[in-house]
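# got a structure for you, letters missing:
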């Protein structure tokens, strides 16, 4: 952009040198004709000072045909019982644009437009009531090298992460296009220069199908997708932010225009588009695209302030559901909320981290930024690890084994029925195993093959050594605690406790007399 000059007090820049203006020139207020005493300034100059009640100042600026001028009036003091007027006049004295600035707090307003001919144009600043401290920027729009890009078909191609400068004139729109892959986070920052109420700009994001998208900060949306002049205490929100997750591969579009479709004169701006990797499970922005979870499997991924992560898993009625959310990359002031939905899509009342499934079916888990947060963390990202466990409750209550008296040739025996909620093994002993006391387990006489979770009937178990005579055997049930589907338990009391199926801390077992045929 051009260099911006600031002239303090009532000091203005003339064509033949510099002068102090002790008494503001008058006349021409109604006709728009500036007096000969008006000083000529260049575009991009800010003039500052104070006018007395009823006083006015005139400035002139040389413009070429089709150039666009903006006059931005600002005041950063108490504005009570004060009124001002600004106007832009053509070389023949015709008023091209004007406005009155009423009594209000911290006004920032602009006038201007595109001039119809080459010549010298005049700017009037006047106090209509009260002493008037003022700052006026008289600016001329730079050429926009991206034009023509006034519609989707003529959109300017841009590269993510590379800033692009543009100018919005009046009611025009500027369009830009870039490529993104499904699952990319798309982040937008639009910075406007020299804001005023009627020079605010807004942006919109469109997907490859032409639909407008863009997640909004969930609490305070100030500064989301549009700049905000006159925000508070002379502070403008000159940078607007926006973001969403790409849900398909293709070309995405950004439109920049004045808020409500137009600006007064022009607004120059800088646009930056970023595409970021949010993890291999994206996009999972909706229940319909939720990431399927395998119980006890840990997913490591990223949650952005504009992101919605959905997961799904199956559970049976009575199952215990445990959700473990661990922050791996912390962001200050970033908080998240988790919502669990049952198979009917109703919210489950959960006291995290554990709840009990009341219905059999597919459950959904939604992870997103909390409503408590505002725009500050909107573009921030938090790394997390998620593990969902589904357990059918206390397995010791449902595990059981039935081992009846029988006749055998001594080489194998039959266990009538066994139920293992999590899968495992049936182990035969030649003495009753200990049930929590110290000592060494009795001899193992045989072990079943790995049994899947559920109930099994007539489980045949070969004996390591054939029975030489009739005797009593004990059948006890064990978990496959290391997941290798092999019974490789170290037979000591401490290790055995970790593997047993128990009821009230008593190992689940049964005994039978085996008659040798």
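Yep, that arrived. Model, not experiment: these values are computed from the prediction.
# residues near residue 456, how many?
Using other C-beta atoms under 10 Å, residue 456 is surrounded by 16 other residues. To be clear about C-beta, it is placed using only N, CA and C from the backbone, and glycine gets the same treatment.
# for it, which non-adjacent residue is spatially closest?
residue 418 (5.3 Å; C-beta to C-beta, 6 or more residues apart in numbering).
# does anything pack onto the strand or helix carrying the one you found? Which helices or strands?
Applying DSSP states H and E as the criterion places residue 418 in strand 412-420. Secondary-structure packing of strand 412-420 (3 or more C-beta pairs under 8 Å, 6 or more residues apart in numbering; DSSP states H and E): strand 400-402, strand 425-429, strand 454-462, strand 471-478.
# for stretch 184-193, the averaged confidence score.
Averaged across stretch 184-193, pLDDT comes to 96.
# how about stretch 369-382?
Mean predicted confidence for stretch 369-382 is 74.
# ok, back up a step: export the helices and strands packed on strand 412-420 as CSV, with columns for distance to residue 509 and mean pLDDT.
Converted to CSV, the helices and strands packed on strand 412-420 look like this (distance: least, C-beta to C-beta, whole Å; pLDDT from 0 to 100):
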stretch, distance to residue 509, mean pLDDT
strand 400-402, 6, 93
strand 425-429, 8, 94
strand 454-462, 14, 94
strand 471-478, 4, 93
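# so where's the chain shaky on pLDDT?
1-36, 76, 105-106, 218-222, 231-236, 333, 372-376, 392-397, 434-440, 490-498 (pLDDT under 70).
# spatially central residue in it, please.
Per C-alpha atoms, centre = their mean, the C-alpha nearest to the average position across the chain is that of residue 306, at 1.6 Å.
# quick one: that one and residue 241 touch, right?
No. The criterion here is C-beta atoms under 8 Å, and residue 306 misses it with residue 241 at 9.2 Å.
# shared neighbours of these two, anything?
Here residue 306 and residue 241 have 187, 378, 379 as joint contacts, going by C-beta atoms under 8 Å, 6 or more residues apart in numbering.
# quick check: chain neighbours aside, which residue is closest to the last one?
Yep, that's residue 379 we're talking about. Using C-beta to C-beta, 6+ apart, the closest residue to residue 379 is residue 187 (5.4 Å).
# which helices and strands does the helix or strand harbouring the one you found pack with?
For residue 187, the host element (DSSP H and E) is strand 184-192. Packing partners of strand 184-192 (3+ C-beta pairs under 8 Å, 6+ apart): strand 201-206, strand 239-245, strand 250-258, strand 266-277.
# tilt between the third one and strand 201-206?
Interaxial angle of strand 250-258 relative to strand 201-206 (axes from the mean of the first three to the mean of the last three C-alpha atoms, to 10 degrees): 160 degrees.
# what sits up against strand 250-258?
152, 155, 166, 168, 170-180, 186, 188, 190, 198-208, 246, 267, 269, 271, 273.
# and that strand with strand 239-245, angle?
Going by the same axes, to 10 degrees, strand 250-258 makes 160 degrees with strand 239-245.
# partner strands of strand 250-258, with direction?
Sheet pairing for strand 250-258, assigned by DSSP bridges, gives strand 173-180 (antiparallel), strand 201-206 (antiparallel).
# report the distance from the longest one to the chain centre.
This means strand 173-180. 21 Å (C-alpha atoms, centre = their mean, to the nearest Å).
# and the angle for that strand with strand 184-192?
150 degrees.
# and the residue nearest to the centre of the chain, that's in a helix?
No. Residue 306 sits outside any helix when classified using DSSP: H, G, I helix; E, B strand; the rest coil, being coil.
# spit out the contact partners of residue 461.
412, 413, 414, 415, 426, 428, 446, 447, 448.
# dump the residues you listed to TSV, plus neighbour count and distance to residue 134.
Formatted as TSV, the contacts of residue 461 follow (neighbours: other C-beta atoms under 10 Å; distance: C-beta to C-beta, whole Å):
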residue	neighbour count	distance to residue 134
412	15	103
413	23	102
414	15	101
415	24	96
426	24	92
428	24	98
446	20	99
447	18	93
448	22	93
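# which one of these is nearest residue 349?
residue 426 (40.0 Å; C-beta to C-beta).
# now the closest one, nearest residue through space, not along the chain?
In space, residue 426 is closest to residue 448, 4.3 Å off (C-beta to C-beta, 6+ apart).
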